[in-house]
Every structure is written in structure tokens, then in C-alpha cells.
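how does the following fold in three dimensions:
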Amino acid sequence: MTQKILIRDLTLRDGQQSAFATRMTQAQIDRVLPFYKDANFYAMEVWGGAVPDSIMRYLNENPWARLEKIKASVGNASKLAALSRGRNLFGYSPYTDSIIDGFCKNSIESGLGIMRIFDALNDVENVKASIKYVKQYAGIADCAVCYTIDPHFSSIQRLKACLKGKPLPKAVFTNDYFLNKAKEMEALGADMITIKDMSGLVPPSKIAELIHLFKKNLKVPIDFHTHCTPGFGLAAVLQAIVAGVDIVDTAIWNFAGGPAAPAIELIYLFCLKLGVVMDVNMEAVAKINKELYLIRKELEDFDAVKQYPKKFNPLTDIVPTEINKEFDKAIEAANANQEEALLKSCHAIEAYFNFPAPNEMVKNAEIPGGMYTNMVAQLKQLNSMDILENAMKLLPTVRLAAGLPPLVTPTSQIVGAQAVNCAIDIKSGKQPYTNVSNQFAALVKGEYGKTPIPIDPQFRLKITGMKEETPYDTSTYKLQPNPELPKAGGVKLAENEKEVLLLELFPTVAKTFLTKLKEETYEATHQPEPLAAEAKVEAAPKITGKTVEAPMPGSIWKVLVKVGDTIKRDQTVLILEAMKMENNIASEYNGTVKQVFVKEGDVVPVGRVLVEISA
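Residues are numbered from 1 along each chain as shown. Prediction:
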């Protein structure tokens with residue numbers, strides 16, 4: 001029987017998220033959708049991940065409208081897919097079953113066909129509810145096992161740890177570990193299983209083992225997702241196809257390679273040589289790619305790589321003889337399971353087409369390419385690029401202290417942001433973990449679920465004030481405030497279920513987005529009231545008391561005190577959002593609040609005076 005491979009295109013979600021910090025606008029997406037309708041991809045990943053957050057935060061666009069507009073244009077030509085973080089959905093907190101239910105129902109009604117469900121800790125308990133509701137509303141439950149690797153420790157490091165009475169963990173992430181997770185999810189009703197290699201760290205030999213193991217022990221189709229950042233991506237996808245995988249994830253040429261997934265054009269050439277059927281209209285793909293080149297030019301400010309692949313169309317351009325031989329060598333090596341030769345040929349192919357070389361820093365730090373590019377983009381906006389290198393070096397130790405979570409959203413963001421916090425602490429002459437985000441504390445506390453290895457009770461005590469692991473209790477969940485907006489004619493901040501869901505999943509960002517949306521809508525249909533006499537601007541009073549300053553750049557989420565309040569040392573006075581994490585900012589003094597210099601939504605630099613306190 002002729003082997004057939006299905007393709008899930010990642011260009012409009014994972015591709016742009018990994019390479020361009022998720023800044024692709026709806027107008028840009030609209031330009032390629034007519035061609036996508038003809039492309040015949042099995043699935044198009046268009047939603048989830050950082051898309052809903054980023055398009056509200058940076059583009060002032062509605063996430064639900066994005067999904068619905070893509071569905072209206074593409075119809076049933078391809079299944080629309082999204083990435084969901086299990087009980088965390090698209091947000092950074094565990095949610096109740098009622099919210100998961102409403103989210104799945106509205107997603108599928110808006111056009112979603114496949115929900116890729118994963119948990120950042122590979123805690124299968126956290127995907128149960130999403131599987132249930134996706135299937136209840138006739139969606140396809142694609143359950144992902146997050147691939148990760150054990151940190152590398154030298155013999156000296158292990159000896160020193162043993163002498164301190166804290167031996168380093170032995171191998172955790174074995175083949176049996178991943179297979180057992182997949183079996184558990186299949187038993188819960190998964191319609192397919194994805195091996196999700198968000199960091200691009202799975203070498204060809206390892207993916208061959210896992211594909212053979214999964215195909216032998218599971219009845220559902222197997223999808224393989226990876227990235228090219230550390231240099232394994234193209235070779236690993238080829239090896240997965242040779243091993244019999246059912247579906248592979250790719251991106252289109254100008255949005256592929258580097259931190260993103262391998263290019264479909266290269267996979268197409270491999271499939272031609274292998275005699276594997278790939279039912280994709282490559283003429284339509286070429287039309288999409290032509291427009292993507294122009295869009296990439298428009299996204300230049302956010303381009304993490306700034307290295308364009310050589311222009312190429314596999315239907316019309318001839319591959320030079322020496323590179324054509326590398327394709328043959330790669331296939332021969334994959335069939336013989338000769339990893340070194342396979343990687344050498346794939347790297348030669350990528351180098352010829354000018355795709356980025358393997359990123360050794362990302363490989364050594366063992367982090368996803370998208371996590372890296374998002375850290376870069378956010379640190380640039382915060383004018384804090386000088387701490388990037390130190391933050392990268394701190395990542396493995398922060399990850400180990402937090403129970404060795406796989407680095408995938410939200411744990412990648414939580415651990416990454418905490419590494420940044422620790423780098424800022426060190427730069428400021430403070431001890432690491434002086435500033436801890438609420439989400440990092442919740443992870444260490446146990447609210448995100450079971451970590452792959454237990455967390456040191458003493459570390460948990462240091463971070464949370466308690467030694468015992470404490471799971472999240474959804475019975476205590478409270479909905480976000482939904483006030484009326486006076487400047488928008490008194491309408492509610494969230495007026496329907498979809499807007500309520502945005503507010504629950506993205507409290508800070510959605511509040512800003514929805515407020516602006518409602519106020520602009522109201523202003524467009526109402527004449528402004530006559531202005532009263534212009535208020536006299538008074539100079540800000542001088543600061544004579546003690547101050548609370550911003551320990552890091554960010555935006556003010558909540559102000560918890562007002563002038564005249566009596567506060568105690570270590571009392572939280574406001575919550576600062578930085579790197580999408582919430583950070584409690586506390587007073588170091590007893591006293592009375594004399595002045596508050598910021599309001600909710602303000603963006604502040606490090607060192608900005610936030611509150612003045614008088615004794």
C-alpha cells in the first residue's frame with residue numbers, strides 16, 4: 001500500500017508566533033486566505049498559543065473575529081486547528097469546568113475543527129475536561145505529549161549535589177514515560193496523539209524510536225510537531241515519515257526554518273523521492289508563499305532571524321545536482337537510521353537554501369524557539385536586552401528548582417519570566433528570587449498540577465511560605481469583575497459569553513482591549529459632551545517620604561491602595577504585569593500612603609516611583 005502523509009500547516013499560528021512574535025494582522029492574513037482555500041491542507045493551525053493574547057495586546061483585534069473570518073474564507077477546505085493548554089486553556093491559570101465547557105463550545109461554533117490539547121506538566125489529569133467538551137461539541141481531540149529532555153549534569157555537578165545532600169535526578173523523560181502519557185490520553189478518548197517537540201530537541205534517532213513505539217501500542221493516528229532552531233527539525237521530520245508517522249506539521253517557505261517548523265517545500269521534495277503521497281496543491285502553496293514574502297517584509301521589525309531563504313518553487317525551479325544528491329543521501333541515512341549522516345545532509349540542504357544554521361545557545365539552554373523569540377521581543381520593548389544572556393544561563397537552574405516542567409506555554413513563559421526576574425535581581429545587587437511572579441509561586445505551590453519531579457519543600461517554603469504541595473481548588477474560583485463603562489454609555493465591559501471568556505483568560509489584556517473597543521464604538525455614534533473649563537494642571541508634590549519603586553519594567557495591572565491607607569511592611573500595594581506574568585509589589589515600610597503615582601494600565605520603566613509612604 002502506498003504511504004500517505006497528511007500535512008498540518010502552521011504558518012498562520014505557530015509559524016508567525018515563532019518567527020515574528022505573533023504580529024501578523026488580520027488584513028495580512030486575509031491576503032493569503034483565498035489561496036489557502038485551494039491548498040488542500042489536512043489542517044491549518046490558525047488560533048491558540050499566543051495569538052488571542054497578542055492580537056488584543058499589540059494589534060487591537062478580536063480573537064473570535066480572527067477565527068470566524070478564517071472559517072468564512074476557507075470553509076471546509078481544511079480543518080481549522082488551535083492549540084489549547086488543557087485546564088489553562090489559552091491563559092495562565094487553571095480554570096473551572098464551566099469555563100472550559102463554554103470555551104470549547106464557542107470555539108467549535110466559531111469554526112474550530114481540531115483542538116490540540118496539551119498540559120505543560122504532562123499531567124494527564126489536566127486534559128480530561130478539554131477532551132470531554134471538545135468531543136461533546138463534535139470537535140476532534142488531538143492530545144499532545146510534550147517532548148522534553150533531562151538537563152545535562154556533569155559528574156562533578158552530581159558529586160557536589162550529593163555531598164550537599166541534594167542528589168540531582170536521574171533520567172525522567174524516557175520512552176516509556178512518553179508512551180505511558182499517550183496511552184492515558186488515548187484511554188480518555190483522544191482522537192489522535194501528537195508528539196509535541198516545542199523545543200526542537202528530539203533528534204532523528206529518538207523520534208524514530210517514539211514513532212515505532214506509538215504505532216505499535218496506540219490505535220489512533222500519530223502527528224509529529226517540531227521546530228528547526230537547534231538543527232534537528234528537518235531531519236527529524238524526514239525520519240518520522242520513514243518511520244510511518246501519519247501527520248506532520250510544516251510551515252510555508254518564507255515562514256519556515258529557524259525558530260519555526262520545517263518548510264513544506266522541502267518535505268514535498270522528500271516525499272516525491274520516497275514515493276509518499278502528499279495531497280497538497282503546491283501551486284496554491286507557491287501563491288501563498290509569494291504573498292508571505294511581502295508580508296515578512298512588512299513584519300521586519302519583529303523578524304527574529306532577518307535571514308530570508310533563497311527564493312524557490314519546487315514545481316518550477318531545478319535543484320542543483322550536488323544538493324539533489326544530499327536529498328538522496330538524507331533518505332538513505334534515514335532508512336539506515338544513521339543519524340550523523342542524516343543531519344549532515346539536511347544541514348547542507350538548509351544551508352544551500354539559506355535557512356538559519358542551528359542555534360547553539362537555544363540548543364544548550366533547552367528552550368523552545370518561540371519562547372526565545374518572544375523573550376527577545378518583550379525585552380526589546382522593555383529596553384532590557386542587556387540581561388538576555390544571563391537570563392538564558394539561569395533558565396536550566398530555575399527549571400530544575402520548579403520541578404523540571406517541560407518548557408511549553410504556560411510553563412515556558414513562567415520559567416522564562418522568572419529567569420528574567422532573577423537576572424534583574426542579580427543586576428540590582430539582590431538575591432535571586434527576590435522578585436517572584438504570582439504564576440511562578442503558583443507553579444511551585446502545586447496549583448498547575450503534578451511536576452515531573454517533586455519540588456524541594458524548602459524551596460517551596462522560600463517561594464510560597466509553605467512546605468506542602470497545594471493543588472488548585474477550582475471551587476474557590478471567582479469570575480473577573482465585569483463593570484459598567486461610563487465612557488461607553490454604561491455598557492458592560494464584557495457583553496456576551498465570548499467577551500466574558502476573553503476577560504477570564506486574559507484579565508489585563510482583555511480589560512484594556514474591551515474598554516477601548518466599547519469606548520470607541522460609543523464615541524463613533526455619540527457627539528461628545530461640551531468640555532468644561534480646562535482644568536489647571538498642578539505640579540506633582542515633592543517626594544519627602546519612603547518610596548515603592550518598580551523592580552522591573554512592566555504595566556500596572558491593579559492598584560491595591562489609595563492615599564490615606566495605613567499599610568504594613570511586606571504588604572502588596574499593586575500588581576505589576578511583566579513578561580505576561582503578574583508580580584506583587586510590596587512596601588518595605590510601615591506607614592501611610594501619601595501619594596500614588598500610577599494608575600491601572602500605565603507602562604512603567606524599572607526604578608519608576610509608584611507609591612510614596614510617610615511614617
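
which is the next helix or strand following the helix or strand bottoming out on mean pLDDT in the chain?
Ranked by mean pLDDT, DSSP states H and E, the weakest helix or strand in the chain is helix 369-381, scoring a mean of 68. Using DSSP states H and E, the helix or strand that follows helix 369-381 towards the C-terminus is helix 388-401.

report the buried residues of the first helix or strand past that following helix going along the chain.
Toward the C-terminal end, the helix or strand that comes next after helix 388-401 (DSSP H and E) is helix 411-427. If you call a residue buried by 16 or more other CB atoms under 10 Å, then helix 411-427 has these buried ones: 411-426. Any C-beta I mention is one placed from the backbone N, CA and C, and that applies to glycine too.

so which of the residues you listed is the closest to residue 341?
Minimum separation from residue 341 among those (CB to CB) is found for residue 412, which lies at 32.2 Å.

from what I see, that closest one and residue 371 are in contact.
Yes. The pair residue 412 and residue 371 qualifies as a contact (CB atoms under 8 Å) at a distance of 4.4 Å.

name the single longest helix found in the protein.
Using DSSP state H, we find that the single longest helix of the chain is helix 507-525.

go ahead and name everything in contact with that one.
For helix 507-525, contacts defined as CB atoms under 8 Å, 6 or more residues apart in numbering pick out 53, 56-57, 60, 62, 480, 485, 487-489, 491, 493-495, 499, 502-503, 555, 557, 577, 582, 601.

now that helix: average pLDDT?
Here helix 507-525 scores 93 as its mean pLDDT.

kindly export stretch 34-48 (C-alpha atoms) in CSV.
Output for stretch 34-48, consisting of C-alpha atoms alone and laid out as CSV, is shown next (Å, rounded to 0.1, in the frame of the first residue of the first chain):
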residue,chain,number,x,y,z
PRO,A,34,-8.1,32.7,-1.0
PHE,A,35,-5.1,30.6,-1.9
TYR,A,36,-5.4,28.5,1.3
LYS,A,37,-8.9,27.5,0.2
ASP,A,38,-7.2,25.8,-2.8
ALA,A,39,-4.2,24.3,-0.9
ASN,A,40,-5.9,21.2,0.4
PHE,A,41,-4.1,21.0,3.7
TYR,A,42,-5.5,18.4,6.1
ALA,A,43,-5.5,21.1,8.8
MET,A,44,-4.5,24.7,9.2
GLU,A,45,-3.4,25.8,12.7
VAL,A,46,-4.7,29.4,13.0
TRP,A,47,-5.6,30.0,16.6
GLY,A,48,-4.5,29.4,20.1
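
list the buried residues for that stretch?
When burial is assessed from 16+ other CB under 10 Å, stretch 34-48 yields the following buried residues: 35-37, 39-48.

between those residues, which is closest to residue 250?
Comparing the buried residues of stretch 34-48 against residue 250 with CB to CB picks out residue 41 as the nearest, at 9.2 Å.

per-residue pLDDT, the closest one?
You'll see residue 41 listed with a pLDDT of 98.

may I have the phi/psi pair for it?
When quoted as degrees, to the nearest 10, the phi and psi of residue 41 stand at phi -70, psi 150.

contact partners for it?
The contact partners of residue 41, by CB under 8 Å, 6+ apart, come to 7, 8, 9, 78, 280.

so it versus residue 258, what's the distance?
21 Å (CB to CB, to the nearest Å).

next one: residue 473
Shown here: residue 473 relative to residue 258, a distance of 42 Å by CB to CB.

same deal with residue 428?
Here the criterion is CB to CB. By it, residue 428 lies 33 Å from residue 258.

okay, those two: which has more neighbours?
Here residue 428 and residue 258 are compared on neighbour count by other CB atoms under 10 Å; more neighbours surround residue 258, at 28 against 13.

in terms of contact, does residue 612 touch residue 547 like I think?
Yes. Counting by CB under 8 Å, a contact exists between residue 612 and residue 547, whose distance comes to 5.6 Å.

who's more crowded, the two?
Taking other CB under 10 Å, residue 612 and residue 547 do not tie; residue 612 has more neighbours (21 against 17).

for the more buried one, list each beta-bridge partner.
Beta-bridge partners for residue 612, by DSSP bridges, are residue 547, residue 595.

with residue 196 instead?
Assessed by DSSP bridges, residue 196 has beta-bridge partners residue 146, residue 225.

per-residue pLDDT, it?
Here the pLDDT value assigned to residue 196 is 96.

got the contact list for it?
116, 118, 144, 145, 146, 147, 225, 408.

where does the first one fall, secondary structure wise?
If you go by DSSP H and E, residue 116 is part of strand 114-117.

helices or strands next to that strand in the packing?
Other elements packing on strand 114-117 under the criterion 3 or more CB pairs under 8 Å, 6 or more residues apart in numbering; DSSP states H and E are strand 43-48, strand 79-84, helix 128-136, strand 140-146.

now these in TSV, with distance to residue 27?
Supplementary listing: the helices and strands packed on strand 114-117 in TSV, determined by distance: least, CB to CB, whole Å:
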stretch	distance to residue 27
strand 43-48	15
strand 79-84	19
helix 128-136	30
strand 140-146	29
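
out of the ones you listed, flag the one nearest residue 101.
When the helices and strands packed on strand 114-117 are compared (using CB to CB), the closest one is helix 128-136, at 5.0 Å.

let me know the angle separating that closest one from strand 79-84.
Using axes from the mean of the first three to the mean of the last three CA atoms, to 10 degrees, one finds that helix 128-136 and strand 79-84 are set 160 degrees apart in direction.

ok, the residue nearest to residue 271 when sequence neighbours are not counted - contacts?
The shortest distance from residue 271 to any residue other than its chain neighbours is 4.5 Å, reached at residue 278 (CB to CB, 6 or more residues apart in numbering). For residue 278, the contacting residues are 4, 5, 7, 267, 268, 271, taking CB under 8 Å, 6+ apart as the criterion.

any idea what the first one is bridged to?
It stands for residue 4. With beta bridges defined as DSSP bridges, residue 4 has these partners: residue 277.

residues in contact with it?
For residue 4, the contacting residues are 276, 277, 278, 279, taking CB under 8 Å, 6+ apart as the criterion.

the last one touches residue 78, doesn't it?
Read it as residue 279. No. Because the distance of 11.2 Å does not satisfy CB under 8 Å, residue 279 is recorded as not touching residue 78.

which one of the two has more residues nearby?
In this view residue 279 and residue 78 are compared by other CB under 10 Å, and residue 78 has more residues nearby, 23 against 11.

and the next helix or strand past the helix or strand containing residue 340?
Counting by DSSP H and E, the secondary-structure element that holds residue 340 is helix 339-352. Towards the C-terminus, the helix or strand next in line after helix 339-352, according to DSSP H and E, is helix 360-365.

which outside residues touch that following helix?
Here helix 360-365 has contacts from 199, 201, 229, 230, 231, 259, 369, 372, 392, 393, 395, 396, using CB under 8 Å, 6+ apart.

what about the second one, how many residues nearby?
By other CB under 10 Å, 22 other residues sit near residue 201.

in contact with the residue lying closest to residue 203 once chain neighbours are set aside, which residues are there?
For residue 203, ignoring the flanking residues on the chain, the nearest one in space by CB to CB, 6+ apart is residue 232 at 5.3 Å. Counting by CB under 8 Å, 6+ apart, residue 232 makes contact with 200, 201, 202, 203, 204, 226, 343.

ok, now how distant is the residue nearest to the fifth one when sequence neighbours are not counted from residue 341?
The shortest distance from residue 204 to any non-neighbouring residue, by CB to CB, 6+ apart, is to residue 239 (3.8 Å). As defined by CB to CB, residue 239 lies at a distance of 12 Å from residue 341.

need the pLDDT of the residue positioned nearest the centre of the chain.
Per CA atoms, centre = their mean, the C-alpha nearest to the average position across the chain is that of residue 409, at 4.3 Å. Predicted confidence (pLDDT) for residue 409: 76.

what's the answer for the one 3 residues further on, then?
If you check residue 412, the pLDDT there is 84.

OK, contacts around it?
120, 198, 367, 368, 371.

go on, residue 549?
Residues counted as contacts of residue 549 (CB under 8 Å, 6+ apart) are 607, 608, 609, 610.
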